[in-house]
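Show me how the following folds:
(4 chains)
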There are 2 protein chains.
Amino acid sequence: MSASASAESQTQGRAGRPAPEHTHPDEVSLTAALAALADPVRLYLIRELARSADWERTCGSFDVPIGKAALSHHFAVLRGAGLIEQRDAGTKRANRLRRAEFDRRFPGLLGAVLREGAPDERAPSQSR
Amino acid sequence: MSASASAESQTQGRAGRPAPEHTHPDEVSLTAALAALADPVRLYLIRELARSADWERTCGSFDVPIGKAALSHHFAVLRGAGLIEQRDAGTKRANRLRRAEFDRRFPGLLGAVLREGAPDERAPSQSR
DNA sequence: GCAATGGTTCGATGATGTGCGAACATCGAA
DNA sequence: TTCGATGTTCGCACATCATCGAACCATTGC
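Just a heads-up that it's a prediction; the model follows:
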């Protein structure tokens, strides 16, 4: 070990991290995409990511009422649905919403979901 | 009240039928709507209803690889998500896709789902 | 009245999903 | 090297869901 195993840290070649498995939206079925979106927590994450800049938010920067384990699982689901991309940033993990790619695969879907104000789970009350 | 329990068959007043409980799209949460759509069978039913005229299809007119009980359950879910409307037609039950109403509540969602030409969700029978 | 058709309801069951706590691994910093 | 922060993985519990078979009910037609 010397001058080679020090500067490489993003693509692959290092065994340090399994490097998050990403699924491209093209390989995702509509049912899988809908199932990934059909969860309050994940929907919240997607919405927050949509409001933020790419790579701005780390996994732990979300205020969700669940433990780390569950949160990690949700991110894995979103990744597997081609909805987000993750990148290791030091000890943290940065996230990005794959808006363009996902939109190309499912035109209008993400837009329709995000267009929703926010009164989703809270109170589907006044709207008539 | 007298000559009334003979020709009326839709609203209520007769105990003959519980009359299907309908939920208006306005009272449906986005998560519930997505969950209702995130199923191959239900997605197929919605797609078929979208291709058909209102009240044209009865519950038993769909070629799905499941039993009556399960099918009935799926229709109940779709009804509860404000996606379809059902009307008793003699011994059968006719269905209608609530396109306009649902679209008003979730603009673009149904369109995005129906626009899908995924070779994956085509038919829940033979694929993959 | 009686049988057949079309759907619903009732358990039961297997599969899936969500959640937790604890243990583990990695990176950056002291 | 040791420590703290950040996530992931590993059981495990619990809830929900999709499905079936059988029983049941309503309507239609004989």
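
okay, CA-based contacts and neighbour counts for the rest of this
Fine.

Setting aside sequence neighbours, what's the nearest residue to the spatially most central residue of chain A?
Centroid-nearest residue in chain A: residue A:84, 3.3 Å away (criterion: CA atoms, centre = their mean). Closest residue in space to residue A:84, ignoring its immediate chain neighbours: residue A:97 at 4.5 Å, by CA to CA, 6 or more residues apart in numbering or on different chains.

contacting residues around the one you found?
A:46, A:49-50, A:54, A:83-85 (CA atoms under 8 Å, 6 or more residues apart in numbering or on different chains).

Would you tell me which residues of chain A are close to DNA strand C?
Residues of chain A lying near DNA strand C by CA under 7 Å from any atom of the strand: A:15-17, A:36, A:39, A:41, A:65-71, A:74, A:89-91.

Which parts of chain A are strands?
A:57-58, A:84-89, A:92-97 (DSSP state E).

Redo the ones you listed as TSV? Include distance to residue B:112.
Formatted as TSV, the strands of chain A follow (distance: least, CA to CA, whole Å):
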stretch	distance to residue B:112
strand A:57-58	28
strand A:84-89	19
strand A:92-97	19
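
circling back: and the residue nearest to residue A:84, how far is that from residue A:61?
Look at residue A:97 and residue A:61: by CA to CA, to the nearest Å, they are 15 Å apart.

in terms of contact, does residue A:28 touch residue A:82 like I think?
Yes: taking contacts as CA atoms under 8 Å, residue A:28 lies within contact range of residue A:82: 6.8 Å.

Show me which of the two is the more surrounded one.
Shown here are residue A:28 and residue A:82; by other CA atoms under 10 Å in any protein chain shown, residue A:82 has more neighbours (26 against 19).

related to what we said a few turns ago, reformat the contacts of residue A:97 into a markdown table and put pLDDT and distance to residue B:105 next to each item.
What follows is the contacts of residue A:97, written out as a markdown table (pLDDT from 0 to 100; distance: CA to CA, whole Å):
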| residue | pLDDT | distance to residue B:105 |
| --- | --- | --- |
| A:46 | 98 | 20 |
| A:49 | 98 | 23 |
| A:50 | 98 | 21 |
| A:54 | 97 | 29 |
| A:83 | 98 | 23 |
| A:84 | 98 | 26 |
| A:85 | 98 | 30 |
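
Give me the buried subset of those.
Buried members of these, scored by 16 or more other CA atoms under 10 Å in any protein chain shown, are A:46, A:49-50, A:83-85.
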